[in-house]
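Novice: Sequence plus the predicted model coming up.
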Amino acid sequence: MNRKLWINKKFIFELDNSKLQAILGRLRESPATIKKLVAGIPVNILITKPERKWSIKENIGHLVDLEELHDKRIDDFLEKKHILHAADMTNKKTDDAHHNKKEINRLLDEFKKVREDFINRIEKLDVEVLERTSLHPRLKQPMRVIDLAQFVAEHDDHHIETIKQLIEKLSTV
């Protein structure tokens with residue numbers, strides 16, 4: 001599992017707002033995609049932490065944990081902030097959440113709910129807010145709401161790929 005670290009990934013944000021519904025569609029798919037991936041996976045595989053990295057449950061929990069940050073960033077756009085809220089790059093919230101002790105269906109339901117809330121917030125934004133830009137603090141580049149949505153979708157894809165790799169690796173052990 002030697003993939004590029006998320007923090008080393010570069011982004012080019014060039015989509016126009018006519019593509020927002022397509023990006024929101026990707027965001028809507030993530031909870032169902034993950035649910036399908038983990039269906040029938042034994043608990044011992046869901047909680048295994050290979051090489052002291054996150055388990056499958058912790059990867060899912062991390063996506064739940066980050067929705068609070070995404071909401072804060074929507075607030076930043078609404079409040080015309082020049083810089084978006086920064087992520088906690090230590091991921092303390094996820095590390096402290098004990099996601100492995102949670103039932104998998106609870107994690108999946110939480111992810112679906114918080115993601116639906118995020119999408120609903122975006123869909124209610126007016127054109128003026130959709131056109132605003134704020135600086136992403138780590139990437140040091142301006143973002144619009146569609147760029148944030150694309151960023152979140154790419155982050156989902158990163159963790160979905162990690163979950164797939166964990167399932168493959170741990171199911172053959």
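Specialist: Yes, it's here. Model, not experiment: these values are computed from the prediction.

Novice: The helix or strand encompassing Ile163: how far from the chain's middle?
Specialist: Ile163 is located in helix 145-171, with elements delineated by DSSP states H and E. Helix 145-171 sits 7 Å away from the centroid of its parent chain (CA atoms, centre = their mean, to the nearest Å).

Novice: For the chain, which segments count as helices?
Specialist: Counting by DSSP state H, one finds helices in the chain at the ranges 20-38, 43-46, 56-78, 92-96, 104-123, 127-131, 145-171.

Novice: tell me which residues of the fifth one are tucked away?
Specialist: Neighbour counts using 16 or more other CB atoms under 10 Å place 104, 107-108, 110-112, 114-115, 118-119, 122 of helix 104-123 among the buried residues. For every residue, glycine as well, the C-beta is placed using N, CA and C.

Novice: Now pLDDT too, for these, in TSV please.
Specialist: Shown next, in TSV, are the buried residues of helix 104-123 (pLDDT from 0 to 100):
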residue	pLDDT
Ile104	98
Leu107	98
Leu108	98
Glu110	98
Phe111	98
Lys112	98
Val114	98
Arg115	98
Phe118	98
Ile119	98
Ile122	98
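
Novice: Quick one, which of the helices of the chain gets closest to Leu84.
Specialist: Nearest to Leu84, of all those, is helix 56-78, at 4.8 Å by CB to CB.
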